[in-house]
Structure formats: structure tokens, C-alpha cells
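Engineer: generate a structure from the sequence data that follows.
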Amino acid sequence: MSLIPQNRYAGRSLASVGLDSPNPSLRRTAEGGIDYNYYLARSRDLRGASYAAAFRGLARLVRASASKLAAAYRNWQAHRRAVAELNELDDRTLRDLGVNRAGLDYIVDHGREDVPAPANANVRKAA
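Structural biologist: Below you'll find the model as predicted:
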């Protein structure tokens, strides 16, 4: 008695168990030759279908990301306007604010790091 189990599918093709489809027979002309025109037309149809599917996927991607691109463009415009407004201030005003022209982009993006504590810290604690 062998410890190796018997293969139930021995001698049977993979197509008989549903793992592989059998190869279709070639389409022939009336003279018995291979019908190349049929296969060329079929390949053109398949190529057209694959291009159509690729362009549909690309259009779906563009539609999905269009709102994100529009929001990013609006954020970029707002950032650019804020930097332009700060650039219109004179050096003394910028110095009073505690910034310099080289750091305007950073300040618009991240704010000031050294925000001072409020002058009036008399906040009542909730009981």
C-alpha cells in the first residue's frame, strides 16, 4: 500500500476538469486554406475594443481627478495671492510682524512657529 494518494485526474486533459479550454479548430476557406481575412478582421475588432476600453478607463480617471485638480489649482491661486499681498508690505511692517521676505512662502504654508502666548492669560477654568 502506497502512502502517495492516487491522482483522480490522471490520463485526463485539463479541459475535461474545466481548467483549460480546448483549442478551437482553425477556420478554413472553401479551398481548405486558413481564412486569414477572418483572423485579420477579428484582430482589428479586438484591437479597437481594447483601445476603446483603455480610453474609457483614461476618461474615468480624468473625471475622477478633475475635481482634485481644480481644488489644487484653487489652493495654489490662494497661496500665490497671499504671498503677493505680503510682498506688497514694506520691510518695516514685515519686520514688525517678525518675518522677512525670504520666508513668506513658508509662513503662508505653515504659519509662524514662534507664536507668542496671549497677553491676557486670565482664562477661567471650567469647574
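Engineer: would you map the strands across this protein?
Structural biologist: Counting by DSSP state E, the chain yields no residue ranges for strands.
Engineer: can you show me the helices along it?
Structural biologist: Ranges of helices within the chain are 36-87, 91-97, 104-110, based on DSSP state H.
Engineer: those helices: which one's closest to Arg28?
Structural biologist: Evaluated over the helices of the chain, closeness to Arg28 peaks at helix 36-87, with 9.5 Å, by C-beta to C-beta. Glycine gets a C-beta too; all of them are placed from N, C-alpha and C.
Engineer: under the pLDDT cut-off, which ranges of the chain? List them.
Structural biologist: Low-confidence segments of the chain, defined by pLDDT under 70: 1-2, 8-23, 112-127.
Engineer: deepest-packed of the helices of the chain, please.
Structural biologist: By mean neighbour count, with neighbours taken as mean count of other C-beta atoms under 10 Å, helix 104-110 ranks first of those at a mean of 14.
Engineer: remind me what that helix packs against, helices and strands.
Structural biologist: Here helix 104-110 touches helix 36-87, going by 3 or more C-beta pairs under 8 Å, 6 or more residues apart in numbering; DSSP states H and E.
Engineer: elements contacting the helix it packs on?
Structural biologist: With 3+ C-beta pairs under 8 Å, 6+ apart as the test, helix 36-87 has helix 104-110 packed against it.
Engineer: which residues sit against the helix it packs on?
Structural biologist: 79, 82-83, 86-87, 99 (C-beta atoms under 8 Å, 6 or more residues apart in numbering).
Engineer: any chance of those residues in TSV, with distance to Gly57 too?
Structural biologist: Listed next are the contacts of helix 104-110 as TSV, based on distance: C-beta to C-beta, whole Å:
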residue	distance to Gly57
His79	32
Ala82	38
Val83	38
Leu86	43
Asn87	44
Val99	47
